[in-house]
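[1] Show me the folded form of this:
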Amino acid sequence: MRDHAQQDEDAEINMTPMLDIVFIMLIFFIVTAAFVKEAGIQITKPEAAMSIQKPRTSIIIGISDAGEIWINHKKVDLKSVRPVLERLIAENPRGTVIIQADKDAKAGLTLDVLDAARAAKAAEVAISTRKPS
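    Model (predicted):
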């Protein structure tokens, strides 16, 4: 009888290694997950027939129809666009700068932001559009 009881105690499955593996996999998936980046405001993008998908985006600049400029969910004025971009580009020099200008935003403001991005020595600058429906 004692031998049978001893065998039942030894037959338990140790769950600790399995839980360790599950947590390691969870951390791996969280770290490697691709997160969608947004400018911080709702923008209606203009249509463009010749749009190209950019695989890597690191800095998104949003320009609203009211003339507001947003970078990484923070509202900035036109004078501080270049210094903010220089700091962000220093953190990731190979990243692409995407300008998401509302279709009703002023073209002059969009060009000023584009010039600031180029002056900040961005590796690549693009304007975000949507394909026509």
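
[2] When you work out contacts or count neighbours from here on, use the C-alpha atoms and nothing else.
    OK.

[3] Would you map the strands across this structure?
    Under the criterion DSSP state E, the chain contains strands at 59-63, 69-71, 74-76, 96-101, 124-127.

[4] So which other helices or strands are in contact with the second one?
    Taking 3 or more Cα pairs under 8 Å, 6 or more residues apart in numbering; DSSP states H and E as the contact definition, the neighbouring helices and strands of strand 69-71 are strand 59-63, strand 74-76.

[5] next one: the fourth one
    Strand 96-101 makes packing contacts with strand 59-63, helix 107-119, strand 124-127 when contacts are defined by 3+ Cα pairs under 8 Å, 6+ apart.

[6] ranking the ones you listed by mean pLDDT, which is last?
    Mean pLDDT is lowest for strand 124-127 out of the helices and strands packed on strand 96-101, coming in at a mean of 84.

[7] Partner strands of it, with direction?
    Sheet pairing of strand 124-127 (DSSP bridges) gives strand 96-101 (parallel).

[8] Other residues contacting stretch 110-125?
    Contact partners of stretch 110-125, identified using Cα atoms under 8 Å, 6 or more residues apart in numbering, comprise 63, 78, 81-83, 85-86, 89, 93-99, 101.

[9] Restricting to C-alpha, output it in CSV.
    What follows is stretch 110-125 as a C-alpha-only set of coordinates in CSV (Å, rounded to 0.1, in the frame of the first residue of the first chain):
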residue,chain,number,x,y,z
THR,A,110,2.6,70.8,-45.7
LEU,A,111,5.5,72.0,-47.8
ASP,A,112,6.9,73.9,-44.8
VAL,A,113,6.8,70.6,-42.7
LEU,A,114,8.4,68.8,-45.7
ASP,A,115,11.2,71.3,-45.8
ALA,A,116,11.7,71.0,-42.1
ALA,A,117,12.0,67.2,-42.4
ARG,A,118,14.6,67.6,-45.2
ALA,A,119,16.5,70.2,-43.2
ALA,A,120,16.6,67.8,-40.2
LYS,A,121,18.4,65.4,-42.6
ALA,A,122,15.7,62.7,-42.7
ALA,A,123,16.9,59.7,-44.8
GLU,A,124,13.5,59.5,-46.6
VAL,A,125,10.4,61.7,-46.4
